[in-house]
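Student: okay, here's the prediction I keep looking at, along with the sequence it came from:
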Amino acid sequence: MDEEELESNPFAALFPTISVAQFYVTSRGTAKTPDDQNSKVARIDIEQEVTGPIDPPKDDQVTEIQVLNNTIEEIFLVTLNKFSVLGGDQKQLVYLSSLADILGTQAWLDLPTLEQALFERVMLPNPLDHLVTDPAAKSLDCAHLIETQLVRYLAECFRRCNRVLARQTDATNRLDSSIKQMKGMVVQNMVTAFREPDLYLGQDLSQQLCDLVMESYEVEQYLAPLLNSLAEKVKEEEKEGGILLEAIVYPVLENMKNQIQGTSMILFCSNTVLPLQYFLSSPILAKVFILHSYPKSPHNGKSFEETLIGSIFQKSCLATTESGSWDYFNQPSGQPSSVHGATEARIWSGLESVHSAGHSLLKQLLRVSEDTKHFTLLWLGDCLAANVGRGKMWTSQMGSLLSAGLASDGFMLNLGSTLLRLCAPMAEDPIKMNKVDPTYTAKVIVVSEDRRLAGVHMQGLPGETCLVGMEEAERERRETSASYNFPTEIFFMAHKTLDLGFRPVQEKFIKLNQELSRLQSAYRDAAQVGGVAAEQVQARMEAAMQKYLSLKAALLEPSTMGQQTSLMASTASWLVSLATCSQEPYCLPAGQVSESDSP
């Protein structure tokens with residue numbers, strides 16, 4: 001084909017110069033025979049039937065083809081034309097030689113060929129070997145160009161699609177539908193990879209996805225939609241026997257749990273739980289997240305502490321078990337009060353971060369969908385039911401023997417502080433507090449499936465001792481509502497958590513204070529004599545003082561104390577309004593309030 005014929009060919013516009021187009025035609029003509037091309041075309045089932053003369057495409061069609069080709073090259077950094085880097089926008093591209101041979105004279109990428117091009121690109125063991133570069137390019141443009149990890153490459157392609165759409169130009173607006181299809185191809189290729197991992201040798205897809213999610217220093221705007229699209233596509237294919245979404249997500253959540261567990265309370269911050277944000281904005285992923293955090297042994301209180309959610313609430317300055325180690329306030333008698341004050345301030349800062357992260361986590365889970373809200377409340381209710389033994393009198397006497405089956409003090413204190421934050425709007429607004437239904441504690445749920453319909457996720461409340469005693473017949477006639485709202489549930493959950501968390505720890509604190517007084521008296525007596533006895537008493541006093549300072553720091557965290565005081569005051573006001581029947585229709589039955597109880 002001579003130069004005049006090329007100039008009249010509209011597809012010559014896809015090349016930077018006519019000379020490059022002439023060289024391309026010549027190289028294609030010598031590279032293969034028509035028979036070779038026909039055999040390769042047959043392999044991909046491409047049939048072309050010519051029934052008459054072919055009219056050359058119009059100029060606007062050529063422009064659209066060129067714009068689409070350039071956009072695909074920019075997003076995926078691949079090409080079917082090794083000369084497009086000469087004078088084109090992309091100075092370095094991965095040349096898909098196998099696909100170019102199959103397609104023959106088509107030297108541009110469009111949507112029908114992109115799916116196969118994308119598959120060939122992710123199958124390349126070493127994209128660097130297929131790199132074509134403009135001689136003017138000095139170095140490698142970006143790592144995405146020769147990325148070998150499938151998940152990272154596809155995720156970056158998805159991000160580039162969003163970046164092109166964000167330009168809001170006439171060209172990108174016309175390509176809006178095409179770019180959305182490109183995003184769909186990216187998601188489909190990722191799903192295919194997880195469904196058929198044996199096709200991609202040497203690729204640890206789960207680890208790649210985990211690294212992609214956990215290495216973020218801030219919430220990537222493109223990653224949440226990508227994960228949500230991935231989850232939706234996997235859910236669609238589950239009905240046809242595809243891979244389960246849990247098989248993809250659970251390894252990532254396990255890595256998150258291990259990372260959080262390995263972070264000390266002092267170093268805990270919002271970035272520690274930042275990757276969780278990718279799972280809290282999607283109803284599908286949020287449901288998988290909360291189900292992953294549901295323990296296999298829900299009747300064991302300690303098992304809730306060992307879940308992903310529990311790993312956040314576990315962060316504390318207190319020992320995780322009665323016989324565990326205490327990490328703060330070492331050798332307290334040898335340190336001045338200023339050092340103790342600084343240590344206490346660091347502990348409070350760490351606890352504030354834990355409470356803030358826990359509050360944000362629960363708040364998002366409760367809002368993302370009704371299913372996730374139900375499972376979150378179920379998690380809280382079952383956790384309290386499994387740890388109800390913490391509030392028993394015999395637990396304080398035999399704590400070390402029972403700690404294996406109950407959550408730690410730090411876990412319950414942090415959970416209580418988080419629920420206090422959820423109750424803050426009610427504590428600050430009497431109108432919202434009046435929405436709390438006092439008959440909640442009398443509601444009996446026989447079938448567990450009815451807990452969602454009735455809005456009752458706590459267990460065992462009807463059997464609790466009332467302030468005003470009632471006969472058995474009166475208990476059976478207690479008034480209840482058909483269903484209960486969220487403020488009612490979170491109100492009673494917060495009070496129950498304080499009963500199982502703050503109250504037992506405060507009792508330990510008081511007992512330890514009394515023990516310290518006895519030890520100090522014994523030490524003064526032993527110090528006069530000296531010897532081993534004095535050293536032993538001093539060692540016991542040091543250990544007791546270390547526990548005392550740690551308990552004091554955990555109990556007196558400033559923001560928690562303020563919220564607890566606010567809730568107690570608003571609860572007292574609410575109880576008075578109920579007792580005096582000043583709030584309808586939630587008045588206590590007349591038989592439950594004696595004359596001496598009325599003001």
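Tutor: Yep, it's here.
Student: tell me the secondary structure at Ser264.
Tutor: The three-state assignment at Ser264 reads coil, by DSSP: H, G, I helix; E, B strand; the rest coil.
Student: who's in contact with it?
Tutor: 315, 327, 350 (CB atoms under 8 Å, 6 or more residues apart in numbering). No exception for glycine: its C-beta is placed from N, CA and C like everyone else's.
Student: ok, and the closest non-adjacent residue to Leu377?
Tutor: His457 (4.1 Å; CB to CB, 6 or more residues apart in numbering).
Student: could you do Glu246 as well?
Tutor: With CB to CB, 6+ apart as the criterion, Glu246 has its nearest non-adjacent residue at 6.1 Å, and that residue is Val288.
Student: same thing with Gln261?
Tutor: Closest residue to Gln261 apart from its sequence neighbours, by CB to CB, 6+ apart: Ser311 at 4.9 Å.
Student: and the gap between that neighbour and Leu500?
Tutor: Per CB to CB, to the nearest Å, Ser311 is found 19 Å from Leu500.
Student: ok, these two, which is more surrounded?
Tutor: Using other CB atoms under 10 Å as the criterion, Ser311 and Leu500 rank with Leu500 on top: 26 against 21.
Student: how near is that one to Ile75?
Tutor: Shown here: Leu500 relative to Ile75, a distance of 54 Å by CB to CB.
Student: ok, back up a step: could you point out which element follows the helix or strand hosting the residue nearest to Glu246?
Tutor: Using DSSP states H and E, Val288 sits in helix 283-292. Proceeding N to C from helix 283-292, the next assigned helix or strand is helix 301-305, under DSSP H and E.
Student: contacts for that following helix, please.
Tutor: 295-298, 310-311, 313-314, 320, 379, 382-383, 386-387, 389-390, 403-408, 411.
Student: not counting sequence-adjacent ones, nearest residue to Arg195?
Tutor: Excluding its sequence neighbours, the residue lying closest to Arg195 (CB to CB, 6+ apart) is Ile243, at 4.7 Å.
Student: a strand runs through that neighbour, doesn't it?
Tutor: No: looking at Ile243 with three-state DSSP, it is coil, so not inside a strand.
Student: check whether Thr439 really touches Thr480, as I assumed.
Tutor: Yes: counting by CB atoms under 8 Å, Thr439 touches Thr480, with 4.8 Å between them.
Student: just checking, what's the longest helix in this protein?
Tutor: If you go by DSSP state H, the chain has its longest helix at helix 337-368.
Student: what stretches of this structure score poorly on pLDDT?
Tutor: Scanning the chain with the threshold set as pLDDT under 70 gives 1-60, 394-403, 469-476, 582-599.
Student: Glu237 and Leu245 touch, don't they?
Tutor: No: the criterion here is CB under 8 Å, and Glu237 misses it with Leu245 at 9.6 Å.
Student: among the contacts of helix 301-305, which lie within helices?
Tutor: With DSSP H as the criterion, helices contain 310-311, 313, 379, 382-383, 386, 411 from among those.
Student: TSV for those residues, including distance to Leu567?
Tutor: Formatted as TSV, those follow (distance: CB to CB, whole Å):
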residue	distance to Leu567
Gly310	23
Ser311	26
Phe313	19
Trp379	22
Asp382	23
Cys383	19
Ala386	24
Phe411	20
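Student: ok, the residues you listed vs Thr148, which is closest?
Tutor: Thr148 has its nearest neighbour among the ones in helices among the contacts of helix 301-305 in Ser311, at 32.9 Å by CB to CB.
Student: mind listing what the closest one touches?
Tutor: Going by CB under 8 Å, 6+ apart, Ser311 touches 257, 260-261, 305.
Student: over to Pro197?
Tutor: Listed by CB under 8 Å, 6+ apart, the contact partners of Pro197 are 203, 205.
Student: the same query, at a cut-off of 6 Å, please.
Tutor: Leu205 (CB atoms under 6 Å, 6 or more residues apart in numbering).
Student: distance of it relative to Val273?
Tutor: Taking CB to CB, one finds Pro197 at 29 Å from Val273.
Student: my guess is Ala534 contacts Arg524. True?
Tutor: No: in this structure, Ala534 is not within contact of Arg524 by CB atoms under 6 Å, at 9.7 Å.
Student: so which of those two has more stuff around it?
Tutor: Counted by other CB under 10 Å, Ala534 and Arg524 do not tie: Ala534 has more neighbours, with 17 against 11.
Student: how about the helix or strand that contains the more buried one, which residues are buried there?
Tutor: Taking DSSP H and E as the criterion, Ala534 maps to helix 532-555. Neighbour-count burial for helix 532-555 flags 534, 537-538, 541-542, 544-555 (criterion: 16 or more other CB atoms under 10 Å).
Student: ok, and what's touching it?
Tutor: 317-318, 326, 328-329, 332, 344, 347, 413, 509, 512, 515-516, 519, 522-523, 526-527.
Student: show me which of the residues you listed are buried.
Tutor: Among these, those scoring as buried are 317-318, 328-329, 332, 344, 347, 413, 509, 512, 516, 519, 522-523, 526 (criterion: 16+ other CB under 10 Å).
Student: starting at the chain centroid, how far to the helix holding Val288?
Tutor: Relative to its chain's centre, helix 283-292 lies at 9 Å (CA atoms, centre = their mean, to the nearest Å).
Student: other SSEs contacting that helix?
Tutor: Other elements packing on helix 283-292 under the criterion 3 or more CB pairs under 6 Å, 6 or more residues apart in numbering; DSSP states H and E are helix 245-261, helix 277-280, helix 337-368, helix 370-386.
Student: deepest-packed of those helices, please.
Tutor: The highest average neighbour count among the helices and strands packed on helix 283-292, using mean count of other CB atoms under 10 Å, belongs to helix 277-280 at a mean of 23.
Student: output that one as CSV, nothing but the C-alphas.
Tutor: The C-alpha trace of helix 277-280 is given here as CSV (Å, rounded to 0.1, in the frame of the first residue of the first chain):
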residue,chain,number,x,y,z
GLN,A,277,-14.2,1.5,56.7
TYR,A,278,-14.2,-0.4,53.4
PHE,A,279,-16.5,-3.0,54.9
LEU,A,280,-18.9,-0.6,56.8
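Student: which strands or helices does that helix pack on?
Tutor: So helix 277-280, by 3+ CB pairs under 6 Å, 6+ apart, packs with helix 223-238, helix 283-292.
Student: mind redoing it with 8 Å?
Tutor: Using 3 or more CB pairs under 8 Å, 6 or more residues apart in numbering; DSSP states H and E as the contact test, the elements touching helix 277-280 are helix 223-238, helix 283-292, helix 337-368.
Student: export the ones you listed as CSV, with columns for distance to Leu419.
Tutor: Shown next, in CSV, are these (distance: least, CB to CB, whole Å):
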stretch, distance to Leu419
helix 223-238, 27
helix 283-292, 16
helix 337-368, 8
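Student: strands of this structure, start to end?
Tutor: Along the chain, counting by DSSP state E, strands occupy 78-79, 92-95, 131-133.
Student: which one of those strands lies closest to Phe486?
Tutor: Closest of the strands of the chain to Phe486 is strand 78-79, at 51.1 Å (criterion: CB to CB).
Student: quick one: strands adjacent to that closest one?
Tutor: Using DSSP bridges, strand 78-79 pairs in its sheet with strand 92-95 (parallel).
Student: could you dump the strand it pairs with to CSV, C-alpha only?
Tutor: Coordinates of the C-alpha atoms in strand 92-95 are reproduced here as CSV (Å, rounded to 0.1, in the frame of the first residue of the first chain):
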residue,chain,number,x,y,z
GLN,A,92,5.1,3.5,27.4
LEU,A,93,2.6,0.6,26.9
VAL,A,94,2.5,-3.2,27.1
TYR,A,95,2.2,-4.6,23.6
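Student: contacts for that strand next, please.
Tutor: 73, 77-80, 82, 84-85, 121, 124, 127, 130-134, 137, 140-141, 145-146.
Student: 7 Å instead?
Tutor: Residues outside strand 92-95 that contact it (CB atoms under 7 Å, 6 or more residues apart in numbering): 73, 77-79, 82, 84-85, 121, 127, 130-133, 137, 140-141, 145.
Student: many thanks, we can stop here.
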